[in-house]
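[1] Have a look at this prediction, sequence included:
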Amino acid sequence: MPTPPSLPSAPGLPGGKPKGPPVNRRELSSKDYGGGASTLCRGCGHDAISAAVARALWENSENPYKIAKMSGIGCSSKTTAYWLSRSWGFNSVHGRMPSVTTGAVVANRSLNAVGVSGDGDTASIGIGQFVHVVRRNLPMTYIVANNGVYGLTKGQFSATADRGSKSKKGAINDFEAIDLCGLALELDCTFVARSYSADRKQLIPILRAAFQHRGTAIIDIISPCVTFNNHAGSTKSYDWGKEHEQPIHEVGYVNEWDLDEVEYEAGSGINVTLPDGGELHLTKLGRDHDPRDLSAAKALVADAQAKHEFLTGIFYINEKRENLHEQIDMVDTPLCELPQSVTRPSREMLAEVMASFA
Amino acid sequence: MTPSTSEESEAAGASSGAAVNDFSISVATVNGTGSQTANSTLLRAIMRMGVPVSGKNIFPSNIQGLPTWYVMRLSEEGWIAPREKADVVICMNRETAREDVMKCAPGGWIIYDAPFKLDTLRDDLHYFAVPFGTLVRDVAPPKLHRLVVNMLYVGVAAELLDLDMVAIDGALENAFGKKPKALEINQKAVRHGRDWAAENLTRPDGGFRIEKRNLTEGKILIDGNSAAGLGSVMAGVTVIAWYPITPSTSVVEAAEKYLEKFRRDENGKATFAVIQAEDELAAIGMTLGAAWAGARSMTATSGPGISLMSEFIGLSYYAEIPAVIANVQRTGPSTGLPTRTMQGDILFCAYASHGDTKHPMLLPATPLEAYEMMQDAHDLAERFQTTVFFMSDLDLGMNNWMSDPLPYPTKDHDRGKVITTAEGFEKQGGAKEWGRYKDVDGDGIPWRTLPGLEVDGAAWFARGSGHNEYARYTESEAVYEGNVDRLTRKFESMKPAVPAPERSNCCAGGAPVGVIAYGTVHHSLVEARSRLKEQGFEFDYLRIRAFPFAESIGEFIAAHDHVYVVEQNRDGQMLALLRNEIPHISAKLRSVRHYDGMPVPARAIVTDILSQEATA
């Protein structure tokens, strides 16, 4: 496939800085992955997620220009403006982030899409698009900043609020919560994880693995809303999280270029190699769970939901299932770079079509 | 509009038992019985005899079992609009047979399945009873009876109407060229029907006949949706996201067929993506996502889909992201009549979505225009960074039209103001100066970068919320107003870029009365114009081909005493749009409307205009 003359080949990486803050393999400092100032409430879980995302991108030495920051509508969806200003963001329509991302990633497969949504954006209006993006196994990271509440409209329950949990105004939620991880597993999603915005140590390696996953990576991150859902009786508050989080394993991610420097004790856990050559290392903490076993993952998540347990970690990972690009047998060249000589059929081709209508 | 029953207009709409190359044939069948191929064989054979012909499929919203009709109109003058009554009726559906006979024009012919016993219903018709059930047993095994029986009526019609067997064989070749076995059995059926008719039926003197002419030299027969799908492929469409809906489905099916054929690389890999979305909400979302990333993209739908897409259409307008939406209009509101035609979404699409929005619309009237305007739509969407509506309708989209072959494009794709290199970015001011929504050229159109360009400062944040020239969030009143005013300027600057209206004066100096039409109503209008001229009433005609309206449209209206706007909806939507956009000509406009879901008969326009002229 020829490269169109109108688009540049990748320039060299920005020059390294001899002194100053630590830099990654692209000679970029963590600041280079930063974004605009947050306009969320002080202490919002979402800001911790943004910081973790920026950090994980930096640690992975991701090409900042190739990250596509995708979002829908809500507090969570605003956050893509608060990290990685060097790259493009698309703050779209409520619940519709997955479809916009599908179009963008299909048009330019060199983009690494990171979608940020919320529990309102995903579990209510966006549940259909959530289901279908998983079904297509679109290469993307899909973060749900899940606080169980509508913040911008001041405190209504969302569809992920636990049954029996209490609103700030004292109302009790009568409806069963939608467990997004459970739903994703039902759909054979190829990467399903739950984490906690305050558990930075776990969240960053999960994100790093997700950024390199070859299909749809769903990460449901419990992220307390300090203003409308941080009171006693809430099951998405900081106090609740601190008391109830049960990591199922310790998560580590090592990039390919660092593999020689890390040694794991034999039999200490499960290793999964990702397409970039990096390795995910999961060290057992209390429970036996093999994240490559789909039915075990379903049972684990269903059981936790029934018992109202707050389990975190990577429930399931499958690097084998075909992603959307493979399913539609698409060329390696990003479609958006194809020149007119490829995209417009020839005179002979048109003549052939005309003959069929004669 | 109530059709007139005056004798004068009857005469304009029906023949009296005899005609050469100027009559209509109606085939009444049952949906899902495979009559489509037989009908298009008849149609193509007539065209191959050099006689202009058009075919309209009148079908139910049903997969199998309900009545369906295929109406062919032969006209050496090239008239296409349906006649009030058919002259030759082929009755293959017992359920509607009586009604079909009652609707036949006086002096007409009824070819019918013998067991229906129709020949006593009217005494002003000529009847041909054919034992189709017996005949089919001679040519096909039982499991093929239902399909092959249709080719028998092709054979009977061939004999009775003098259809040329070479033309029929050519048409069969076109349909079954790649399936020799099917070709053979269908050829056999046609011949059997013809031979049986020759031996057993007697044609009355005169009667209906097809004679060879040379009026269709080089023509093709094509439906508007195929032409539109092919147009999008020639436009280089690369991502199509869609959700099936009648009558737009075949736009994408046609495009996909040609993409599969022409857009696989030497390793068989697709250089395109066609994604069947979960619904229209996702289809337009994918279309915008792909356009934002820099690929030519489109979706196709009909009215109900536009309703669902409206939120994203507003985003496209405000965040300035290109999109092509093919709207093949059907009869609304709501589910409406999904298999009937209408120009029913004109006002809705012009202003679709909440807040102040305006969208360009292209209004094709022929397959050639469908093909060319689909290419225009892609160029305009990228040039103006907004949604462009391609406004076809069921009549154009799903019916067969005679057309000149679709020409190879003469212009390169216009990708608009896109910055794709570091040098290009520097030229537009670089990191210090460039702003995504800055109007640097005075035409309201800003420059955009595409995701992935490895240059600092080239990234921008697409959002549907308030934004300044640098795409940053703002709620500033002045900035908001400045931005939406620029969008108005951008819309205004489209006027000379969209397809210009087509004007045809009646005579030197022009007439005091003008008529405006658009889309497929054009075909009824030109026939009506000819009939009105015969009766001494002439007018100047302007066909609108796009919105925003060119200045010449207002000038045309202003220059006439009064102007009829002829259209196919209840509320006079184009008239309302004209009044809204060009208020000073309001008082000059009169409305002629037809909205029963069927293409407009020319007579309906004649009657309405004459009656308004008489009372005004």
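    Perfect, thanks for sending it.

[2] CA only for contacts and neighbour counts going forward, please
    OK.

[3] List the contacts of the closest residue to chain B within the stretch 101-250 of chain A.
    Across the stretch 101-250 of chain A, the shortest distance to chain B (Cα to the nearest Cα) belongs to A:Gly103, at 3.9 Å. Going by Cα atoms under 8 Å, 6 or more residues apart in numbering or on different chains, A:Gly103 touches B:Val239, B:Gly285, B:Met286, B:Thr287, B:Leu288, B:Gly289, B:Ala290, B:Ala291, B:Ala293.

[4] from those, which are also near chain A?
    Contacts with chain A within the contacts of A:Gly103, as defined by Cα under 8 Å from any Cα of the partner chain: B:Val239, B:Gly285, B:Met286, B:Thr287, B:Leu288, B:Gly289, B:Ala290, B:Ala291, B:Ala293.

[5] returning to that earlier point: name the helix or strand for the residue of the stretch 101-250 of chain A closest to chain B, please.
    helix A:97-107 (DSSP states H and E).

[6] next helix or strand past that helix?
    strand A:112-118.

[7] quick one: average confidence on that following strand?
    Across strand A:112-118, the average pLDDT comes to 98.

[8] quick one: contacts of it?
    Strand A:112-118 is contacted from outside by A:66-77, A:79-80, A:95, A:97-98, A:101, A:105, A:139-147, A:211, using Cα under 8 Å, 6+ apart.

[9] list the contacts for B:Ala263?
    Just so we're on the same page, residue B:263 is Arg rather than Ala. The neighbours of B:Arg263, taking Cα under 8 Å, 6+ apart as the test, are A:Val342, A:Thr343, A:Pro345, B:Ala270, B:Thr271, B:Phe272.

[10] Apply 6 Å and report the result again.
    B:Arg263 is in contact with B:Thr271, counting by Cα atoms under 6 Å, 6 or more residues apart in numbering or on different chains.

[11] again with A:Met97
    A:Ser71, A:Gly72.

[12] hey, what's the closest residue to B:Phe461 other than its chain neighbours bridged with?
    Leaving aside its chain neighbours, B:Phe461 sits nearest to A:Gly89 (4.6 Å; criterion: Cα to Cα, 6 or more residues apart in numbering or on different chains). Beta bridges link A:Gly89 to A:Lys69, B:Phe461 when assigned by DSSP bridges.

[13] repeat for B:Val515
    Applying DSSP bridges, one finds that B:Val515 bridges with B:Tyr541, B:Tyr564.

[14] and the biggest helix by length in chain B, which residues are buried?
    Ordering each helix of chain B by length in residues (DSSP state H) puts helix B:180-200 first. Under the neighbour-count criterion of 16 or more other Cα atoms under 10 Å in any protein chain shown, helix B:180-200 has B:183, B:185-198 buried.

[15] same deal with stretch A:157-175?
    Applying 16+ other Cα under 10 Å to stretch A:157-175 flags A:157-168, A:172-173 as buried.

[16] Same check on stretch B:390-407?
    For stretch B:390-407, by 16+ other Cα under 10 Å, it's B:390-406.

[17] same deal with stretch B:262-275?
    Buried-residue list, stretch B:262-275, by 16+ other Cα under 10 Å: B:Phe262, B:Arg263, B:Arg264, B:Lys269, B:Ala270, B:Thr271, B:Phe272, B:Ala273, B:Val274, B:Ile275.
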